[in-house]
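Q: A structural model of the following input is requested.
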Amino acid sequence: MRYGLIANPKVRDVEKIARRTMEILGPDVLVSGDLASLLDVEGHSLKGMDVDILITIGGDGTILKTLQNNDAAIVGINAGLVGFLATIDLED
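A: Now for the predicted structure:
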């Protein structure tokens, strides 16, 4: 299973949340360009990510942006304000 990770860079504690998510998923996670710069890891284009599942950190806007740019299945971590589409709360 190949995972990708994308996040809204405006989310409070996004670096901490992303690093914890990467620890859980393992070392082969592909990280989107904006988030990769923040984490100082290799970045990948969202459109070019060949993954099975994309994990989003943010709100509904982050999920909708991801849906427009990639066909992978999406799991959302709700770190935004609305979060109707995100399935996982930060506490979980």
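Q: what does the lowest-mean-pLDDT helix or strand in the chain rub up against?
A: Across the helices and strands of the chain, mean pLDDT, DSSP states H and E gives its lowest value to strand 88-89, namely a mean of 78. Strand 88-89 is contacted by residues 75-78, 83 when judged by C-beta atoms under 8 Å, 6 or more residues apart in numbering. The C-beta positions use only the backbone N, C-alpha and C, and glycine is treated the same way.
Q: from those residues, list the buried ones, please.
A: Neighbour-count burial (16 or more other C-beta atoms under 10 Å) applied to the contacts of strand 88-89 gives 76-78, 83.
Q: and of the residues you listed, the nearest to Leu67?
A: Gly76 (10.4 Å; C-beta to C-beta).
Q: for that closest one, give the beta-bridge partners.
A: Bridge pairing for Gly76 (DSSP bridges) gives the partners Thr56.
Q: what pLDDT does the model give it?
A: Per-residue confidence at Gly76 stands at 92 (pLDDT).
Q: give the contact list for it.
A: Here Gly76 is in contact with 55-56, 58, 60, 62-63, 83, 85-88 (C-beta under 8 Å, 6+ apart).
Q: would you check which pair of the buried ones among the contacts of strand 88-89 lies furthest apart?
A: The widest separation within these (C-beta to C-beta) is 9.3 Å, between Ile77 and Gly83.
Q: so what's the nearest residue to Ala73 once chain neighbours are set aside up against?
A: Using C-beta to C-beta, 6 or more residues apart in numbering and skipping the chain neighbours, the partner closest in space to Ala73 is Ile53 (5.0 Å). Ile53 is in contact with 1-4, 72-75, counting by C-beta under 8 Å, 6+ apart.
Q: many thanks, we can stop here.
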